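Undergrad: I would like the atomic coordinates for the input below:
(2 chains)
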Amino acid sequence: MRFPFRHLPAAGGGQLTPRPTLDVWLEGIDAVPLASLLDTGALRTRFSRDLATAAGIEPDEDLAETFALGGAIVTGAPARVLLRIGAGDDSYAWEAPVWFCDPWPFGFQLLGLEGFLQHFRVTLSAYHEWLDCKPEQ
Amino acid sequence: MTAKAVQISGQQFDLDPRRIVRAVSRALPEPVRDHYVVIEGRRYPPKQVIALATGLDRADFTTHQARRILRRLGFTAARRGTQPTPSAGAAPRRPAADPVERLRPHIGEWVAVKDDDVLVAADTPATVLAWLAQHDQTADSMFRVPETEAAAGGAAPA
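TA: Numbering: from 1, shown residues only, chains lettered A, B, ... in the order given. Down below sits the predicted model:
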């Protein structure tokens, strides 16, 4: 499944550097998938806590952690959720641990090693501005 | 710009751009079916705007009436899938045909995007999702338009 990089406006004019993102469906939110950044340096997959609330997902507060993320101190708690990506006629769903964090300093949700990269073989071309995701199973 | 006297459904109204902007400031735009006007970077159905500004029922006037009034007040009007036409008195501005330019007015907001159009923009994802549900809409993608490179980045420090 191939996904084009996302182009974004810069606040001061012009554009930000295009980002490798893909749209991920989160169980409980049927109307729209969530633009998510491929974050190869991240151990975990992290979403905004607001999205857990909207989706009716209850993260495990017993496992909550406070940590620095994107220049902010955030609290995150995990939940095992069903995620799905699709491009054209192809789609793939998998169950993943997602850490739902508050506050959320990012524009996108973050797809890390655990929860995303362990499930896909990813090829990325920054030159051509696309990324390919092939399920490992 | 001074107020313009307009007659709608037999009633007289003095409308000016500030009154229009104020009237829509607390309303999320409803889905655009065909015609729209651009107010503060957002696309609104013309009838929604005139109804908010006048308190009239939407059945009391037509889309074309609403569109004509708003163009006279200096707002850009267009149809989906066509280039926006600035009003005669409007300052020239960069065309918003580019999907990136369509996102620019919404920097810092959560948006739902469909076919490169911004369907709805709001301060929280819950508001965006509620709007989609209320109007029975689906979208291609939802995210917060990042204010900075850092907000568009990942968890690792730069």
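Undergrad: Where does pLDDT dip in chain A?
TA: Within chain A, no stretch has pLDDT under 70.
Undergrad: what ranges do the strands span in it?
TA: Counting by DSSP state E, chain A has strands at residues A:2-4, A:21-26, A:34-38, A:46-48, A:65-69, A:72-87, A:90-102, A:109-111, A:120-125, A:130-135.
Undergrad: Give me whichever of those is most buried.
TA: strand A:109-111 (a mean of 29; mean count of other Cβ atoms under 10 Å in any protein chain shown). Every C-beta, even on glycine, is put in place using the N, C-alpha and C of the backbone.
Undergrad: can you list the residues of chain B near chain A?
TA: By Cβ under 8 Å from any Cβ of the partner chain, the part of chain B that sits against chain A consists of B:99-101, B:103-104, B:107, B:112, B:124-126, B:128-129, B:132-133, B:137-156.
Undergrad: Just the buried residues of those.
TA: Applying 16 or more other Cβ atoms under 10 Å in any protein chain shown to the residues of chain B next to chain A, the neighbour count classes B:99-100, B:103-104, B:107, B:112, B:125, B:128-129, B:132, B:137, B:139, B:141-147, B:151-155 as buried.
Undergrad: so of the residues of chain B next to chain A, which ones are in strands?
TA: Per DSSP E, the residues of chain B next to chain A map to strands at B:Ala112, B:Ser141, B:Met142, B:Phe143, B:Arg144.
Undergrad: could you redo those residues as a markdown table and give each row distance to A:His128 and pLDDT?
TA: A markdown table is the format used below for these (distance: Cβ to Cβ, whole Å; pLDDT from 0 to 100):
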| residue | distance to A:His128 | pLDDT |
| --- | --- | --- |
| B:Ala112 | 27 | 95 |
| B:Ser141 | 20 | 95 |
| B:Met142 | 26 | 96 |
| B:Phe143 | 22 | 96 |
| B:Arg144 | 26 | 95 |
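Undergrad: how close does B:His64 get to chain A?
TA: Look at B:His64 and chain A: by Cβ to the nearest Cβ, to the nearest Å, they are 31 Å apart.
Undergrad: give me the low-pLDDT residue ranges for chain B?
TA: B:1, B:81-97, B:156-158.
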